[in-house]
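J.: Need coordinates for the following:
(one chain, ligands or ions: 1)
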Amino acid sequence: METILGIDIGGSGIKGAMVDIAKGELATERIRIPTPEGARPADVAETVGQLVSRFQYQGLVGAGFPAVVLHGVVKTAANIHASWIGQNVDRLLSKASACTVLTGNDADVAGLAEMTFGAGRDQKGVVLVVTLGTGIGSAIFVDGKLVPNTELGHIQIRGKDAEQRASDAVRQAKNLTWEKYARRLQEYLDAIESLIWPDLIIIGGGISKQSYEFLPFVNTKAKIIPAQLLNQAGIVGAALYATT
Ligand code: BGC
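T.: Residues are numbered from 1 along each chain as shown. Predicted coordinates for the structure are as follows:
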């Protein structure tokens, strides 16, 4: 069994587990350490180092990170500390953990897990994975191949960043009913579907386990379904990302 350590770096927690990459399943318990206040590069790196040492692991590590990551370098900082921009996250995390860490965008790696083991398995054509969490992440696959670093959570809706209207964090902060939230999501997905024409939309992120609450109110041109790996997609996908 080939196992790789997968790490999901998020705004509130940094989570990791060993992943059986042939099955797409966690091979150990998941360990979660709260994201350090402010999520500055050095603090996040130190926390990742702590997490890796809890697994007594040495080897290849995959990580998902909530920003555009181009060849290891962070390019955006919507929900993380601004000083991340320009940092080589692969180098920082590798140094802090004494492992080789390969980092991809969090939505891209979660999408990879869904396309390989979950709701998008064997799906041809254009698949759009939208993750609804603190922000809105997107991943586009064409015949199963990832087009990395799409940032469809930042299109403008009513003069605002879409993720400031339709993320799960906004739903919680505003205490929106599912029906009201679904209306915001509908408006967002309508805007997306006027720009790109996916064959299938997969809704991921922490909210996906409650998709039965809001998906019945959402009507898209493309078929729309919930993700299947739920909160494991980030970790499983991170491990997969490191090996592909
Ligand atoms: C970031 C994306 C990320 C998404 C989900 C957005 O604010 O710009 O890179 O994928 O949040 O975490």
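
J.: So which residues on this structure come close to the ligand?
T.: Residues of the chain lying close to the ligand (C-beta under 6 Å from any ligand atom) are 66-68, 76, 78-79, 105-107, 131, 133, 135, 137, 151, 153, 163. Using the backbone N, CA and C atoms, a C-beta is placed for each residue, glycine as well.

J.: can you pull out the helices in the protein?
T.: 41-54, 89-97, 106-117, 163-166, 168-173, 178-195, 211-214, 233-243 (DSSP state H).

J.: returning to that earlier point: what is the lowest-pLDDT residue among the residues of the chain next to the ligand?
T.: Of all the residues of the chain next to the ligand, Asn79 carries the smallest pLDDT score, 90.

J.: Show the contacting residues for that one.
T.: Gly11, Pro66, Thr134, Gly135 (C-beta atoms under 8 Å, 6 or more residues apart in numbering).

J.: between the residues you listed, which is closest to Val126?
T.: Within those, the smallest distance to Val126 is 22.2 Å, found for Gly135 (C-beta to C-beta).

J.: The closest one: what's it in contact with?
T.: Gly135 neighbours (C-beta under 8 Å, 6+ apart): Gly11, Pro66, Ala78, Asn79, Gly153, Glu163, Ser167, Ala169.

J.: again with Leu229
T.: Leu229 neighbours (C-beta under 8 Å, 6+ apart): Gly24, Ala110, Ala113, Glu114, Phe117, Gly118, Gly204, Val236, Gly237.

J.: State the pair within the contacts of Gly135 that is farthest apart.
T.: Taking C-beta to C-beta, no two of these sit farther apart than Gly11 and Gly153, at 13.2 Å.

J.: Among the two, which residue is more densely surrounded?
T.: Gly153 (25 against 16; other C-beta atoms under 10 Å).

J.: how far out from the middle of the chain is stretch 161-168?
T.: The chain centre lies 15 Å from the centre of stretch 161-168; the measure is C-alpha atoms, centre = their mean, to the nearest Å.

J.: can you list the residues that contact stretch 110-123?
T.: Against stretch 110-123 from outside (C-beta under 8 Å, 6+ apart): 23-24, 64, 104, 127, 129, 131, 137, 139, 141, 144, 146, 199-200, 202, 204-205, 225-229, 232-234, 236-237, 240-241, 244.

J.: okay, how far is it across that stretch, tip to tip?
T.: 16 Å (C-alpha to C-alpha, to the nearest Å).

J.: again with stretch 80-96
T.: With C-alpha to C-alpha applied, stretch 80-96 spans 19 Å between its terminal residues.

J.: Quick check: mean pLDDT of that stretch?
T.: Per-residue scores along stretch 80-96 average to 97.

J.: ok, back up a step: now, among the contacts of Leu229, which is nearest to the ligand?
T.: Ala110 (8.7 Å; C-beta to the nearest ligand atom).
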